[in-house]
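[1] this is the structure alone, sequence omitted:
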């Protein structure tokens, strides 16, 4: 059994996409992130032979997410003081349930090509760890073929060294690592404009981007 987990936060003003404000107001930024979530869920739902999960925070957001996830998705609660503890807890929980591959991904890269996710799963047939590096030094996806809590410890989260240090930790443990193609998170207004340009050129856009229709509808009203 394989599992794909979307890391998600309830889209409340001043809680998500804060680097878009200004120039956007907090309500618009949260609306955009809501679009990100809907598109990532739709994208992951299309993947076969995997079980689908959304890992949510805060715990009080159960009712919101139950309203937007398909019936074949299950909710997990993010637990931990930082992202590392939350990722470690989720992967540990799923491996204990008997999953052979666990892929966890962000909800900040709505136009990520779907083939990157499929390729990540395939890479885990031979690799212990798969990383999808972001241009800013983080990662949009991490895939594991066994429980590895050590690779989530002592990571300088939200810095440009996340992928680099995670890679070094895995190598120190003697793990085989595979890297996917680099992509980008949509964090800033410049990122948003970049994504709009790529979506405008779909389906001739580079890298076979995923056409995130919910997000595109929202940003078309803004940009």
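    Sure, I can see it. Note that the structure is predicted; figures quoted are calculated from it, not measured.
[2] state the mean pLDDT of stretch 180-193.
    Mean per-residue pLDDT for stretch 180-193: 97.
[3] ok, and for it, which residues are buried?
    Buried residues in stretch 180-193, counted by 16 or more other Cβ atoms under 10 Å: 180, 183-187, 189, 191-192. (C-beta placed from N, C-alpha, C; glycine too.)
[4] what of stretch 149-163?
    151-152, 155, 162-163.
[5] off-centre distance for that stretch?
    15 Å (Cα atoms, centre = their mean, to the nearest Å).
[6] what is the end-to-end distance of it?
    Using Cα to Cα, to the nearest Å, the end-to-end distance of stretch 149-163 comes to 15 Å.
[7] ok, stretch 62-77 next?
    For stretch 62-77, the first-to-last residue distance is 9 Å (Cα to Cα).
[8] for the helix ranked longest in the chain, packing partners?
    Longest helix of the chain, by residue count under DSSP state H: helix 26-45. The contact analysis (3 or more Cβ pairs under 8 Å, 6 or more residues apart in numbering; DSSP states H and E) places helix 26-45 against strand 2-9, strand 51-57, helix 62-68, helix 114-123, helix 213-220.
[9] what do you get if the cut-off is 10 Å, keeping everything else the same?
    strand 2-9, strand 51-57, helix 62-68, strand 73-77, strand 101-105, helix 114-123, helix 189-200, helix 213-220 (3 or more Cβ pairs under 10 Å, 6 or more residues apart in numbering; DSSP states H and E).
[10] looking at these, which is buried most?
    Highest mean neighbour count of the helices and strands packed on helix 26-45: strand 101-105, a mean of 24 (counted as mean count of other Cβ atoms under 10 Å).
[11] tell me what that strand is packed against?
    strand 2-9, helix 26-45, strand 51-57, helix 83-96, helix 114-123, strand 129-133, strand 139-144.
[12] the shortest one pairs with which strands, and in what direction?
    Strand 129-133 sits in its sheet next to strand 139-144 (antiparallel), strand 177-179 (parallel), going by DSSP bridges.
[13] that strand vs helix 114-123, what angle?
    160 degrees (axes from the mean of the first three to the mean of the last three Cα atoms, to 10 degrees).
[14] rewinding a little: from the buried residues of stretch 149-163, pick the one nearest residue 20.
    residue 162 (21.0 Å; Cβ to Cβ).
[15] any idea of the mean pLDDT for stretch 21-38?
    For stretch 21-38, the mean per-residue pLDDT is 98.
[16] correction: stretch 106-122
    Average pLDDT, stretch 106-122: 97.
[17] so how far is that stretch from its chain's centroid?
    Offset of stretch 106-122 from its chain centre (Cα atoms, centre = their mean): 8 Å.
[18] for stretch 3-11, same thing?
    That offset, for stretch 3-11, works out to 7 Å (Cα atoms, centre = their mean).
[19] ok, now which ones touch the residue nearest the centre of the chain?
    With distances taken as Cα atoms, centre = their mean, the residue of the chain nearest its centroid is residue 106 (1.4 Å). Neighbour list for residue 106: 6-8, 36, 40, 83, 112, 132, 134, 138-142, 185 [criterion: Cβ atoms under 10 Å, 6 or more residues apart in numbering].
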